[in-house]
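*Asks:* heads up, no residue letters with this:
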């Protein structure tokens, strides 16, 4: 029932947002009319008076829409509570590639996508759709007091997904719909796979701290810890290492490897394009561009952090040299950064230009500043960004790497 209320709350939030967009478009149109009227001698003041009256009427109508919307929300919540009995939360979606298209899979995919798009809003509003931060082992989420003492492999997914993404095309890649990097690397190196599940729309720094606290609560007794992050997940892992070291957590001393796959350590061009588009559209004072700019400005904090690979919660719009944003890697673990390119030949000019389509090769190969110790960098050709979550060649490289 909590999830139903969460989706219903989103509908009411959408009504408020639409009302705000109407107000933005109306204000832009009013300014445009006034600019034209001001060009005609003596007409500007008269039009201004009319415009003020129209504005007051419009504002009153829009406030009424919002008030009615929230009244309907409150009354429908009461009705929902009265007519629906609480039900326990279901088990996690099976970690298998052959459930694609099922009701459970569609619901989980939608939940991951909505968290990626507006997860910061969900967290602020206390919406039950907020995924928060949790760790999954097998088919259950670790509860308070659960502790793992064996070696663990912690897998952290990327933007707009859930932990199910590690099962993407598993049967095609590995010949087994239930196989993932977690199960296969775990079997090869005697590691218990642990999957993070989190709200990717929150700031990377917030998720990093939450992951650090979850690791301290559940795996600080582990014999050996390997951290594996895909895309944004690699940034969350690095942020967790930073926070864990700052907070004096015990788990950081047990980290043997930190591995990232297709992670935008130096930022992602598509995220930066979104920021440029927002500023460009907002600079043009016509209703359409103003509304589009407002919509783009509502992109989640997690997406904005991807513009520069921001790990510590600093303002993504602040202008500063890339090296000033860089966060050195934590001393102790060994590091591996795996990049891929769309072209079979990683050295091909097109491959160097577009990377894996979402992350450039140079960015995936690691941060600008990493400290005075060696890191392992690898590039694999012919693999798109999403496929880095389940690829036999990547698995072979990871298996060999963790055995060193």
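*Replies:* Yep, it's here. Treat the numbers as computed from the prediction; the structure is a model and nothing was measured.
*Asks:* So which residues of this protein form strands?
*Replies:* Ranges of strands within the chain are 133-137, 140-141, 152-156, 192-198, 225-230, 255-261, 334-341, 376-381, based on DSSP state E.
*Asks:* any chance of those strands in a markdown table, plus distance to residue 239, mean neighbour count and mean pLDDT?
*Replies:* (Each C-beta comes from the backbone N, C-alpha and C, glycine too.) Below are these laid out as a markdown table (distance: least, CB to CB, whole Å; neighbours: other CB atoms under 10 Å; pLDDT from 0 to 100):
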| stretch | distance to residue 239 | mean neighbour count | mean pLDDT |
| --- | --- | --- | --- |
| strand 133-137 | 12 | 20 | 96 |
| strand 140-141 | 22 | 13 | 92 |
| strand 152-156 | 10 | 27 | 98 |
| strand 192-198 | 12 | 24 | 98 |
| strand 225-230 | 10 | 26 | 98 |
| strand 255-261 | 12 | 24 | 97 |
| strand 334-341 | 14 | 24 | 96 |
| strand 376-381 | 20 | 16 | 94 |
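*Asks:* a markdown table for these, including distance to residue 368?
*Replies:* Output for the strands of the chain, formatted as a markdown table (distance: least, CB to CB, whole Å):
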| stretch | distance to residue 368 |
| --- | --- |
| strand 133-137 | 28 |
| strand 140-141 | 36 |
| strand 152-156 | 22 |
| strand 192-198 | 26 |
| strand 225-230 | 18 |
| strand 255-261 | 15 |
| strand 334-341 | 12 |
| strand 376-381 | 13 |
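*Asks:* so which of those strands gets nearest residue 38?
*Replies:* strand 192-198 (52.1 Å; CB to CB).
*Asks:* by how many degrees do the closest one and strand 225-230 diverge?
*Replies:* If you take axes from the mean of the first three to the mean of the last three CA atoms, to 10 degrees, strand 192-198 sits at 50 degrees to strand 225-230.
*Asks:* where in the stretch 301-404 of the chain is pLDDT low?
*Replies:* The stretch 301-404 of the chain contains residues with pLDDT under 70 at 321-324, 369-372.
*Asks:* again, only this time at 80
*Replies:* Within the stretch 301-404 of the chain, the stretches with pLDDT under 80 are 316-326, 368-374.
*Asks:* Show me the helices in the stretch 151-300 of the chain, by range?
*Replies:* Under the criterion DSSP state H, counting those that start in this stretch, the stretch 151-300 of the chain contains helices at 170-174, 181-189, 204-218, 232-246, 269-283, 287-297.
*Asks:* and of the ones you listed, who's closest to residue 46?
*Replies:* helix 287-297 (22.8 Å).
*Asks:* so where's the stretch 151-300 of the chain uncertain?
*Replies:* Looking at the stretch 151-300 of the chain by pLDDT under 80, you get 272-279, 281-298.
*Asks:* Single out the most deeply packed of the helices of the stretch 151-300 of the chain.
*Replies:* Most buried of the helices of the stretch 151-300 of the chain by mean neighbour count (mean count of other CB atoms under 10 Å) is helix 232-246; its value is a mean of 26.
*Asks:* Residue 305 - nearest residue in space that isn't next to it in sequence?
*Replies:* residue 204 (4.5 Å; CB to CB, 6 or more residues apart in numbering).
*Asks:* burial count for residue 254?
*Replies:* As a burial measure, residue 254 scores 20 neighbours (other CB atoms under 10 Å).
*Asks:* Distance of the nearest residue to it once chain neighbours are set aside relative to residue 245?
*Replies:* Using CB to CB, 6+ apart and skipping residues adjacent in sequence, the residue nearest residue 254 is residue 225, 4.8 Å away. For residue 225, the distance to residue 245 equals 14 Å [CB to CB, to the nearest Å].
*Asks:* Over to residue 326?
*Replies:* Going from residue 326 to residue 245 by CB to CB gives 16 Å.
*Asks:* ok, now residue 279?
*Replies:* For residue 279, the distance to residue 245 equals 36 Å [CB to CB].
*Asks:* For residue 115, which of the strands of the chain is the nearest?
*Replies:* strand 192-198 (8.2 Å).
*Asks:* now what about stretch 114-125, what contacts it?
*Replies:* For stretch 114-125, contacts defined as CB atoms under 8 Å, 6 or more residues apart in numbering pick out 6, 9-10, 13, 127, 129-132, 159-161, 199-203, 298-303.
*Asks:* now these: which count as buried?
*Replies:* Neighbour-count burial (16 or more other CB atoms under 10 Å) is assigned, among the contacts of stretch 114-125, to 6, 9-10, 13, 127, 129-131, 159-161, 199-203, 299-303.
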